[in-house]
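Asks: dropping the sequence and predicted coords here.
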Amino acid sequence: MSKFWDLIETLGDYGVWMNEHPEPPQVARARELLLQELPEAAQWLKWDEDDPCPLIFDLMVALAWYAGEDPSPKPMMYDPKDVTFPSSEEDFERVLFQKPPRGAITFLWDAVEIGGFQYPPHGGERLVTFLRNLEFLRDEDGCARLYDGAALGFIRGKKVELFAFPKNWAEIVERVHHEVRRMTAAEKAAKTMPTELQSFVDLLGLDKVREALEALKPV
């Protein structure tokens, strides 16, 4: 286990120390340790200009226990070395074209007033449609209302892959939504097939996927 979690475990019950004011000094030290073990997440900051602290600590703790009234998708102290963090706008846009990957737990975590998890239906709509339809992400006028930040995540066993929302997430969601509506079936398949195949590889293994593809070839 990481030094980050070793220190967290010395704090005792999560529900107690997370609500202490001021927070125990060990919490600040735990944040430092987490960023040392997961440095690529250091730039994922709250959008609050008065408190632009990294959000990764909040999410890791929420995954281990809970967030607000919403349960963790898979409560566990995930080792930072098992967390990957694509963080560019291009990464975020790319993942919006996809449906929830096969064999993965897909979740949305937001750090707004709810601070909890939402889950898209598997095998159904694309992630861009899921986000566009979530009413709590927008105000009554339809404008984006995330004030602190959010991330899409995928859990496969002990591995976690996170895609942070950029500040212009609503603009990207709308752009992808309209692009999907214009795309032909072949264009959609070309966009999503690499991720679909990788999901099968993660789920079944490369050899079985190769065998299945070979079986589809005409004789």
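Replies: Right, received. Where do you want to start? Numbers count the residues shown, from 1 in each chain.

Asks: mind listing what the nearest residue to residue 8 once chain neighbours are set aside touches?
Replies: Closest residue to residue 8 apart from its sequence neighbours, by Cβ to Cβ, 6 or more residues apart in numbering: residue 30 at 5.4 Å. Backbone N, C-alpha and C define where each C-beta goes, glycine included. Contacts here follow Cβ atoms under 8 Å, 6 or more residues apart in numbering; on that basis residue 30 touches 4, 7-8, 11, 57.

Asks: would you mark the buried spots in the helix or strand harbouring residue 30?
Replies: With the criterion set as DSSP states H and E, the secondary-structure element containing residue 30 is helix 25-37. Within helix 25-37, the residues that qualify as buried by neighbour count (16 or more other Cβ atoms under 10 Å) are 27, 30-31, 33-35, 37.

Asks: tell me where this structure has strands.
Replies: Remark: strands of the chain, listed N- to C-terminal, are 66-67, 70-71, 83-84, 105-110, 117-118, 150-156, 159-164; assignment by DSSP state E.

Asks: and stretch 126-135, C-alpha only, in CSV?
Replies: Backbone C-alpha positions of stretch 126-135 (Å, rounded to 0.1, in the frame of the first residue of the first chain) are rendered in CSV as follows:
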residue,chain,number,x,y,z
ARG,A,126,-22.9,7.5,-25.5
LEU,A,127,-21.3,9.3,-22.6
VAL,A,128,-21.8,12.7,-24.4
THR,A,129,-25.6,12.0,-24.3
PHE,A,130,-25.5,10.9,-20.7
LEU,A,131,-23.7,14.1,-19.6
ARG,A,132,-25.9,16.3,-21.8
ASN,A,133,-29.1,14.8,-20.1
LEU,A,134,-28.0,15.2,-16.5
GLU,A,135,-30.1,18.0,-15.2
